[in-house]
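Asks: Okay, here's the prediction I keep looking at, along with the sequence it came from:
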Amino acid sequence: MELGLKGKLAVITGGSVGIGLAIADGFAAEGANLLIAARDVDRASAEAARIAARFGVRAEAVRADVATADGCARVIAAASGMGGADILINNAGTGSEETILTADDARWQFYWDLHVMAAVRLARGLVPQMKAKGGGVVLHNASICAVQPLWYEPIYNTTKAALMMFSKTLAMEVVGDNIRVNTVNPGLVLTPDWIKTAKLLAGDNWQAHLDKVAEDAGGMKRFASPEEIANLFVFLSSDKASYATGSTYFIDGGWLKTV
Ligand code: NDP
């Protein structure tokens with residue numbers, strides 16, 4: 001299937017590991033060029049170099065904390081230096097663990113900045129680049145938790161729900177500019193972030209913890225691989241998804257309990 005991604009520039013926040021890295025590999029396999037943004041620029045640069053060598057595309061990394069205005073400005077400038085973004089994947093994010101009654105304002109602000117303000121700031125900077133190129137795609141990696149909460153992470157649930165609404169609203173603002181905007185809500189995806197959380201919650205029994213999480217989720221009763229999620233991101237970014245905008249797509253192995 002020709003996806004029409006050859007030569008496009010895809011900007012991926014958190015593209016150095018986990019789901020974001022699988023998306024980067026997926027785009028490169030289709031001939032897209034990449035800008036990977038992450039705080040650990042050494043890891044991001046190493047992956048960019050590997051991808052460039054493997055797929056023969058241009059792949060670069062930028063050191064950026066996208067939870068800050070300065071970090072977002074660095075991403076926007078780097079994309080401009082590569083000719084302007086065609087695709088933005090807002091993927092950087094992380095799980096939380098707290099209670100509403102004990103979490104302080106700073107904790108709420110941290111996740112608001114990472115999950116919501118990064119998307120706001122990058123839209124302000126990268127959508128104009130897309131407009132100048134005649135169109136583009138913005139995808140937000142939220143979570144099934146945006147609509148089906150996990151009770152131990154209220155801040156994650158809340159900020160991911162806000163991201164979904166931001167995505168819907170941005171979609172309508174740019175619908176006349178040939179820019180499509182959607183959200184993807186994954187379920188359980190086996191990435192370093194989950195393993196980190198499992199070790200925090202269960203110590204040496206982290207694998208048994210993960211097995212129980214999958215069992216409790218129901219449906220397929222297993223974690224997805226990052227690649228299984230990345231395939232949907234690549235498709236939604238492609239010309240084959242030309243009528244898809246303003247929507248949220250769930251990819252959760254049957255975990256979602258509502259229609
Ligand atoms: P990982 O922890 O494996 O990877 C996170 C990536 O984001 C890394 O590249 C990390 O690089 C980057 N990152 C984190 N914070 C920042 C920051 N402030 N600025 C720039 N980059 C940052 O996460 P996953 O692959 O598991 O998750 C990716 C996204 O998918 C997240 O938004 C998550 O909420 C969502 N998701 C994950 C699910 C899962 O089961 N794994 C399920 C549903 C949604 P560095 O540390 O170098 O900055």
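Replies: Yes, it's here. Since the model is a prediction, treat every value here as computed from it, not as a measurement.
Asks: now the residue in the stretch 51-200 of the chain positioned nearest to the ligand, nearest residue through space, not along the chain?
Replies: When you check the stretch 51-200 of the chain against the ligand by Cβ to the nearest ligand atom, the closest residue turns out to be residue 93, at 2.3 Å. For the C-beta atoms, the positions are set from N, CA and C on the backbone; glycine is no exception. Take residue 93 and drop its neighbours on the chain: the residue closest to it by Cβ to Cβ, 6 or more residues apart in numbering is residue 115, 5.4 Å away.
Asks: Contact residues of the stretch 1-150 of the chain facing the ligand?
Replies: 13-14, 16-20, 37-40, 43, 64-67, 71, 91-94, 114, 141, 143 (Cβ under 6 Å from any ligand atom).
Asks: How many neighbouring residues does residue 38 have?
Replies: Here the count is done by other Cβ atoms under 10 Å, and residue 38 has 27 residues near it.
Asks: same check, this time on residue 178
Replies: Using other Cβ under 10 Å, residue 178 is surrounded by 14 other residues.
Asks: Per-residue pLDDT of residue 1, please?
Replies: For residue 1, the model assigns a pLDDT of 87.
Asks: surely it meets residue 240?
Replies: Yes - in terms of Cβ atoms under 8 Å, residue 1 counts as a neighbour of residue 240; the distance is 6.6 Å.
Asks: which of these two has more neighbours?
Replies: Under the criterion of other Cβ under 10 Å, the comparison of residue 1 against residue 240 puts residue 240 first, with 15 against 8.
Asks: Confirm that the more buried one sits in a strand.
Replies: No - with DSSP: H, G, I helix; E, B strand; the rest coil as the criterion, residue 240 is located in helix rather than a strand.
Asks: Please name the nearest non-neighbouring residue to it.
Replies: What sits nearest to residue 240 in space, not counting adjacent residues and going by Cβ to Cβ, 6+ apart, is residue 3, at 6.0 Å.
Asks: That neighbour and the ligand: what is the separation?
Replies: 22 Å (Cβ to the nearest ligand atom, to the nearest Å).
Asks: wouldn't that residue be in contact with residue 235 here?
Replies: Yes - with contact defined as Cβ under 8 Å, residue 3 and residue 235 form a contacting pair (7.4 Å).
Asks: What's the local residue count around residue 105?
Replies: Under the criterion other Cβ under 10 Å, the count of neighbours that residue 105 has is 7.
Asks: so where do the strands sit in the protein?
Replies: With DSSP state E applied, the chain shows strands at 9-13, 33-38, 59-63, 87-90, 136-141, 179-186, 248-251, listed in chain order.
Asks: Buried among the residues of the stretch 1-150 of the chain next to the ligand? Need that as a selection in PyMOL.
Replies: Only the buried members of these enter the following PyMOL selection, criterion being 16 or more other Cβ atoms under 10 Å:
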select buried, resi 13+14+16+17+18+19+20+37+38+64+65+66+67+71+91+92+93+114+141+143
